[in-house]
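Colleague: Fold the stuff below for me.
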Amino acid sequence: MSLGIRAMELLCSRLCHDLVGPVGAINNGVELLDEGGDTGSEALDLIADSAETAAARLRLYRVALGAAGGQSLSPGDARAALEGWFRGGKVRLDWTLVAPSPPPGLLKLTLLAALLAEESLPRGGTVTVSGAEAGLSVLAVGAGCALRPEMGPALAGQVAENDLGPRSILAHVTPLLATAYGLTILVDGTVSGQVRFRLHPIQG
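Modeller: Below is the predicted model:
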């Protein structure tokens, strides 16, 4: 896998963007506590909820993009990471995966595909993870569900690195990571209201 400087900068920007919201909310909660008055309980609730959100996002990115998810990531850990990510949001997770020992990297790709599925659900919906060791499926279903225009070309490797943006960087990185692990990702967005990502080992 090879990522240029532009892609790495965009990926770091994406991670920071997903963390700045809950971290900023924690800061707002601390400011409410400093102000005193009758807002103590409200401030503590805001801090606790925002800290949980930030921790969940860090946990998922750590296993999906970091070394921690390479060889040792279990289906239970992957499911817990996604449940934390989707907690309290507009997207519901349906995990029906049966894969006690998937090939290395397959669960990492499943997490990234789930993030891409979420981005295909502008009004919320359901992300279903299913399959077994031979291949996994990540299905997004919901009103208005569709691949964003920039995602398809990025997934197909048709976007030059200099033309990437924050909204296409995950779609660019995911197939590169798949290739590095000897996997492939295919996308089916032809059914109205559905987008399906299929993850398989490359047949040699």
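
Colleague: Show the end-to-end separation of stretch 30-45, please.
Modeller: 11 Å (C-alpha to C-alpha, to the nearest Å).

Colleague: ditto for stretch 112-130
Modeller: First-to-last residue span, stretch 112-130, C-alpha to C-alpha: 15 Å.

Colleague: list the buried ones in it?
Modeller: Within stretch 112-130, the residues that qualify as buried are 112-121, 125-129, counting by 16 or more other C-beta atoms under 10 Å. C-betas here are computed from N, CA, C, even on glycine.

Colleague: for those, which one is nearest residue 25?
Modeller: Comparing the buried residues of stretch 112-130 against residue 25 with C-beta to C-beta picks out residue 118 as the nearest, at 19.9 Å.

Colleague: Disregarding residues adjacent in the polypeptide, which is nearest to the closest one?
Modeller: Excluding the flanking residues, the one nearest residue 118 by C-beta to C-beta, 6 or more residues apart in numbering is residue 91, at 5.2 Å.

Colleague: Contacts only, for that neighbour.
Modeller: Shown in contact with residue 91 (C-beta atoms under 8 Å, 6 or more residues apart in numbering): 118, 121, 124-127, 142.

Colleague: before we move on, back to that, in strands only, show me the buried residues of stretch 112-130.
Modeller: Mapping those onto strands (DSSP state E) picks out 125-129.
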